[in-house]
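Chemist: Any chance you can model this:
(one chain, ligands or ions: 1)
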Amino acid sequence: MLLRAVLGLVVLLGVSTSKAKESRGHISVVLLGATGDLAKKYLWQGVFQLYLDEVSHGHTFTFHGAAQTEPERGKKLVFGRLKKLACPSDVLPDRCAVLKDQFLRLTEYRQLRTAEDYASLSREITILLSQEGLEEAGRIFYLSVPPFAYAEIARHINSSCRPRPGAWLRVVLEKPFGHDLRSAQQLANELSTFFQEEEIYRVDHYLGKQAVAHILPFRDQNRHNLDPIWNRHHIERVEIVLKEMVDVRNRTGFYEEYGVIRDIHQNHLTEILMLLAMELPANISSSEDVIRSKLQAFAALQSPEITSAVIGQYEAYNSHVREELQKGQDYFSRTPTFAGVLVQLDNLRWEGVPFILASGKVLDERIGYVRILFKNRAYCAQNESAWDSERSQCKLKQVIFYLGHGELNSPAVLISRNLFKPAMLGGSWTEVQDHPGLHLFGQPLSDYYMYVPVAERDAYSVLISRIYHGKKVSFITMENLLASWGFWTPLLDSLAGEAPRLYPGGQENKHLLDFEMVGREVSFVVKETVQVMNAWDEQTPDKYKTIQSRYRQSQLITAWPEELISRLASDIEAAAMSAIGCSGEFHLALSGGSSPLALFRQLAVYHYGFPWRQTHLWLVDERCVPLTDPESNFGKLHDRLLHHIRVPYFNVHPMPVHLNRRLCVEEDKGPELYANEIAALVANASFDLVLLGVGIDGHTASLFPHSPVGLEGSQDVVFTESPVKPHQRMTFTLPLINRAKQVAVLVMGKGKHDIVTVVSRVGHEPQKWPVSGVNPSSGQIAWYVDYEALLG
Ligand code: BG6
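Modeler: Here you go, the predicted model:
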């Protein structure tokens with residue numbers, strides 16, 4: 001078979017032995033999965049484009065289509081496809097026809113299955129090179145195969161298909177690169193046993209889309225204009241969107257396992273987000289600098305909560321799944337086919353700027369875009385009819401990277417004329433002067449400077465050329481991949497149990513999938529039409545929201561979790577106002593654990609009037625771990641609350657568990673230090689409000705059943721031992737808690753129902769149930785218990 005290619009080399013390219021000596025070397029391109037869909041749609045055309053671009057630049061080439069398909073059939077399939085290769089508009093038809101003919105002669109099909117098949121491919125390349133007197137420059141293996149096949153192919157390439165020493169090897173992989181952080185890590189480890197990281201090219205084809213590939217150059221070429229405005233003070237929001245009309249028929253097997261977030265958000269949309277959000281390196285052509293900067297941006301991503309996303313599923317999806325995967329009528333999938341996610345970064349440039357990442361199938365149009373909407377600072381004294389100039393400061397200001405499809409049906413970069421006229425260097429973009437009467441994102445096209453590529457290239461052609469040039473910056477490094485999975489995996493885990501909103505598809509979706517941001521959360525604008533009916537009072541649904549009654553002879557407030565948290569937050573704010581009214585200060589002691597986390601968020605997001613300046617924050621208990629440890633109560637308080645409010649540093653009082661570079665050692669006297677700090681700052685060591693929780697064993701703070709210390713006595717703060725890890729704790733004692741003016745006990749979730757029932761019946765038995773010893777001597781106690789904990 002290669003004989004044909006040899007003839008191609010010698011006869012058509014005129015590579016005589018002397019000429020071969022001048023060659024910059026020979027490159028073998030091996031396309032595995034050569035008969036597959038991706039190869040058919042994009043890869044062969046991309047490889048041909050590479051040949052057209054590079055044939056006269058000194059390298060010689062052979063192309064090897066490979067698959068498991070047996071030779072006759074494979075050859076027929078591949079050459080059937082190759083005959084249809086298109087000539088790009090910027091190559092003269094005659095020249096293209098000649099080059100296409102050459103390309104076909106330089107291409108072979110071969111079956112690659114066994115180790116021997118790989119060894120024989122390598123042998124034949126070596127023989128060809130020596131016959132032609134060519135030096136080998138490198139080998140590209142493009143694996144367009146399912147991921148389960150990676151390991152075996154990788155082993156064969158590594159053991160029998162490496163090029164001669166000194167020549168390069170580039171192995172190209174297509175997503176999915178794992179399913180979550182753990183599987184991505186596993187795959188990365190596996191591949192690293194066969195290849196160096198610099199030999200691996202992980203493709204995200206969105207990085208090859210011309211408008212995406214131009215984001216960094218655009219930022220670079222327009223530094224002067226963008227530097228002052230590319231930040232939270234000027235940017236209102238960023239939208240990164242891929243809308244599709246197709247459904248997932250014929251790929252439901254894949255889709256059931258992945259869903260839209262793994263398919264689109266984790267890779268394409270996240271990569272774009274990084275190009276926009278990263279600090280711009282001084283030299284954007286340095287892969288190392290760009291990758292370093294990207295990783296820093298990943299590190300600044302705020303972990304998304306379950307409330308950072310809305311998900312949907314097109315109505316016909318379940319029937320597609322049942323049909324293709326032979327599932328029964330009772331099979332209901334929760335795989336989302338639409339998701340809108342609000343992403344935020346915690347750094348000085350982007351704090352508070354919403355990045356909206358949205359994508360879905362069976363929507364009303366096919367379009368992909370990145371829209372950066374700037375804040376408008378102008379107040380316009382005259383009405384809209386007077387905003388005649390397209391440069392008017394009253395009009396919208398935006399930068400748009402239009403990825404394709406939609407009304408423009410071509411990639412484009414658009415900049416509102418009232419921003420600045422951009423530099424578009426390098427000759428690959430051209431300005432469009434006459435604008436059809438289109439409107440885009442709220443403005444007529446005439447309000448934008450608009451640029452389109454001089455020659456349109458599909459993403460795979462761009463990337464194949466970059467593989468050839470070794471431009472790693474356009475590919476996903478292992479660190480980059482793991483950082484992205486690290487960001488998405490917790491959200492995917494928490495969304496796994498959520499039911500997506502069903503949508504009919506296309507125009508019919510109307511406003512069903514519109515979503516809005518409220519603080520750091522997103523929710524659908526149109527609320528569900530089917531609501532759980534209120535069992536207590538159908539006429540006035542608000543009434544059932546919070547019910548007040550008595551528990552252990554004290555006030556009981558009970559509600560669904562959201563309302564309960566919102567009530568507790570309001571009560572804490574009221575307590576703060578009243579304490580400050582009396583003494584000028586509010587001393588609030590907060591418990592750890594998971595129940596208060598929602599409260600912290602509530603306070604951070606909705607209580608803008610909270611008097612944080614006069615509030616002192618204390619910890620009721622702490623685990624003996626460094627404050628930066630994920631188990632640290634202070635760490636959680638920091639991430640969920642302190643980080644988002646303006647509380648003076650000197651009002652924050654973490655428990656001193658870490659002293660003299662060691663954790664909770666008696667002789668360092670941490671509890672005494674904390675007790676002294678309390679005595680010095682809190683009048684009579686009587687807190688204005690202490691927030692507690694209850695464990696399933698009846699513990700409260702870190703006071704566990706049968707604890708030898710802390711349940712009585714004269715100490716205010718002590719070390720205790722927890723039956724669960726981390727065992728060592730520092731905690732307020734019952735006597736200190738009982739000196740508080742108010743105590744709020746927050747109990748949520750079905751898991752707490754049994755202990756809530758037990759504690760409702762017992763008297764004062766702190767040895768058995770420490771929480772039963774909470775009984776402020778002159779203060780009040782209120783129980784905040786959600787319905788599930790109360791009613792089970
Ligand atoms: C792929 C996804 O990565 O990207 C598909 O797996 C999606 O689900 C496709 O349709 C979109 O790419 P493009 O280039 O058509 O916008």
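Chemist: who touches Q344 in this structure?
Modeler: Q344 makes contact with 301-302, 350-355, 520, according to Cβ atoms under 8 Å, 6 or more residues apart in numbering. Just so you know, the C-beta spots here come from the backbone N, C-alpha and C atoms, and that holds for glycine as well.
Chemist: Tell me which entries of the residues you listed lie within strands.
Modeler: Here DSSP state E is the test, and the contacts of Q344 give F355 as lying in strands.
Chemist: want to throw the contacts of Q344 into JSON lines with pLDDT?
Modeler: Listed next are these as JSON lines, based on pLDDT from 0 to 100:
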{"residue": "L301", "pLDDT": "97"}
{"residue": "Q302", "pLDDT": "93"}
{"residue": "W350", "pLDDT": "96"}
{"residue": "E351", "pLDDT": "93"}
{"residue": "G352", "pLDDT": "92"}
{"residue": "V353", "pLDDT": "97"}
{"residue": "P354", "pLDDT": "97"}
{"residue": "F355", "pLDDT": "98"}
{"residue": "R520", "pLDDT": "83"}
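Chemist: Generate a PyMOL selection restricted to the buried entries among the contacts of Q344.
Modeler: Selection of buried members from these for PyMOL, criterion 16 or more other Cβ atoms under 10 Å:
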select buried, resi 301+302+350+353+354+355+520
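Chemist: how many neighbours does the residue nearest to L169 when sequence neighbours are not counted have?
Modeler: Closest residue to L169 apart from its sequence neighbours, by Cβ to Cβ, 6 or more residues apart in numbering: E199 at 5.0 Å. Neighbours of E199 under the rule other Cβ atoms under 10 Å: 17.
Chemist: E199 against R170, yeah?
Modeler: Yes. E199 is in contact with R170 according to Cβ atoms under 8 Å; the separation is 6.2 Å.
Chemist: before we move on, back to that, so which of the contacts of Q344 is the closest to the ligand?
Modeler: F355 (19.3 Å; Cβ to the nearest ligand atom).
Chemist: Any idea what that closest one is bridged to?
Modeler: V238, V343 (DSSP bridges).
Chemist: didn't it look like it was pressed against E236?
Modeler: No. Look at F355 against E236 with Cβ under 8 Å: they stay out of range, at 11.4 Å.
Chemist: Next up, the contacts around the residue nearest to L169.
Modeler: Counted by Cβ under 8 Å, 6+ apart, E199 has contacts 168-171.
Chemist: Mind checking if stretch 405-420 is in reach of the ligand?
Modeler: No. Interface with the ligand: stretch 405-420 contributes nothing (Cβ under 6 Å from any ligand atom), its closest point being 7.5 Å away.
Chemist: Report the backbone C-alpha coordinates of that stretch in CSV.
Modeler: This file holds the C-alpha atoms of stretch 405-420, laid out as CSV (Å, rounded to 0.1, in the frame of the first residue of the first chain):
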residue,chain,number,x,y,z
HIS,A,405,-24.6,30.1,12.8
GLY,A,406,-27.5,32.3,13.9
GLU,A,407,-28.4,35.3,11.7
LEU,A,408,-24.8,36.2,10.8
ASN,A,409,-24.0,32.6,9.8
SER,A,410,-20.3,33.3,10.0
PRO,A,411,-17.8,33.9,12.8
ALA,A,412,-17.5,37.6,13.6
VAL,A,413,-16.1,40.0,16.2
LEU,A,414,-18.3,43.0,17.0
ILE,A,415,-17.5,46.0,19.1
SER,A,416,-20.0,48.8,19.9
ARG,A,417,-18.9,51.9,18.2
ASN,A,418,-19.2,53.9,21.4
LEU,A,419,-16.5,51.8,23.0
PHE,A,420,-13.5,52.1,20.7
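Chemist: Give the buried residues for that stretch.
Modeler: So for stretch 405-420, counting by 16+ other Cβ under 10 Å, buried means 405-406, 408, 411-420.
Chemist: mind pulling up the phi and psi values for the one residue in the stretch 401-550 of the chain that gets nearest to the ligand?
Modeler: Residue nearest to the ligand within the stretch 401-550 of the chain: A459 (6.2 Å; Cβ to the nearest ligand atom). Per-residue torsions, A459: phi -60, psi -40 (degrees, to the nearest 10).
Chemist: Report the separation between the residue nearest to L169 and S160.
Modeler: 16 Å (Cβ to Cβ, to the nearest Å).
Chemist: where's A119 relative to A34, distance?
Modeler: 19 Å.
Chemist: Looking at these two, which one has more neighbours?
Modeler: More neighbours surround A34 than the other of A119 and A34, with 30 against 14 (other Cβ under 10 Å).
Chemist: Output stretch 730-745 as PDB, restricted to C-alpha atoms.
Modeler: Extracted C-alpha coordinates of stretch 730-745, given in PDB (Å, rounded to 0.1, in the frame of the first residue of the first chain):
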ATOM      1  CA  MET A 730     -12.400  23.200  71.300                       C
ATOM      2  CA  THR A 731     -15.800  24.300  72.500                       C
ATOM      3  CA  PHE A 732     -17.900  26.600  74.600                       C
ATOM      4  CA  THR A 733     -19.100  24.900  77.700                       C
ATOM      5  CA  LEU A 734     -22.800  24.700  78.800                       C
ATOM      6  CA  PRO A 735     -22.300  27.300  81.600                       C
ATOM      7  CA  LEU A 736     -20.900  29.800  79.000                       C
ATOM      8  CA  ILE A 737     -23.800  29.100  76.600                       C
ATOM      9  CA  ASN A 738     -26.400  29.400  79.400                       C
ATOM     10  CA  ARG A 739     -25.100  32.900  80.200                       C
ATOM     11  CA  ALA A 740     -26.200  34.100  76.700                       C
ATOM     12  CA  LYS A 741     -29.100  36.600  76.300                       C
ATOM     13  CA  GLN A 742     -30.500  34.500  73.400                       C
ATOM     14  CA  VAL A 743     -29.900  31.000  72.100                       C
ATOM     15  CA  ALA A 744     -31.100  29.800  68.800                       C
ATOM     16  CA  VAL A 745     -31.000  26.100  68.000                       C
END
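Chemist: avg pLDDT for it?
Modeler: The average pLDDT for stretch 730-745 rounds to 98.
Chemist: from the middle of its chain, how far away would it be?
Modeler: Centroid separation for stretch 730-745 versus its chain: 41 Å, with Cα atoms, centre = their mean, to the nearest Å.
Chemist: ok, now stretch 705-721?
Modeler: 44 Å.
Chemist: ok, now stretch 67-86?
Modeler: With Cα atoms, centre = their mean, you get 39 Å for stretch 67-86.
Chemist: Tell me if I'm right that A598 and I565 touch.
Modeler: Yes. The pair A598 / I565 is scored as a contact, 4.9 Å apart, by Cβ under 8 Å.
Chemist: For the two, indicate the residue with more neighbours.
Modeler: Shown here are A598 and I565; by other Cβ under 10 Å, I565 has more neighbours (25 against 21).
Chemist: quick one: secondary structure of the more buried one?
Modeler: helix (DSSP: H, G, I helix; E, B strand; the rest coil).
Chemist: and the gap between it and the ligand?
Modeler: Separation of I565 from the ligand (Cβ to the nearest ligand atom, to the nearest Å) stands at 38 Å.
Chemist: mind listing what whichever residue of the stretch 351-500 of the chain sits closest to the ligand touches?
Modeler: Nearest residue of the stretch 351-500 of the chain to the ligand (Cβ to the nearest ligand atom) works out as G368 at 5.5 Å. Under the criterion of Cβ under 8 Å, 6+ apart, the neighbours of G368 are 209, 241-243, 402-406.
Chemist: list the buried ones in the helix or strand encompassing L191?
Modeler: Using DSSP states H and E, L191 sits within helix 181-192. Going by neighbour count (16+ other Cβ under 10 Å), the buried part of helix 181-192 is 181, 184-185, 187-188, 191.
Chemist: Over to stretch 39-51?
Modeler: 39-40, 42-51.
Chemist: go on, stretch 746-755?
Modeler: For stretch 746-755, using 16+ other Cβ under 10 Å, the buried residues are 746-748, 752-753, 755.
Chemist: Endpoints of that stretch, how far apart?
Modeler: 13 Å (Cα to Cα, to the nearest Å).
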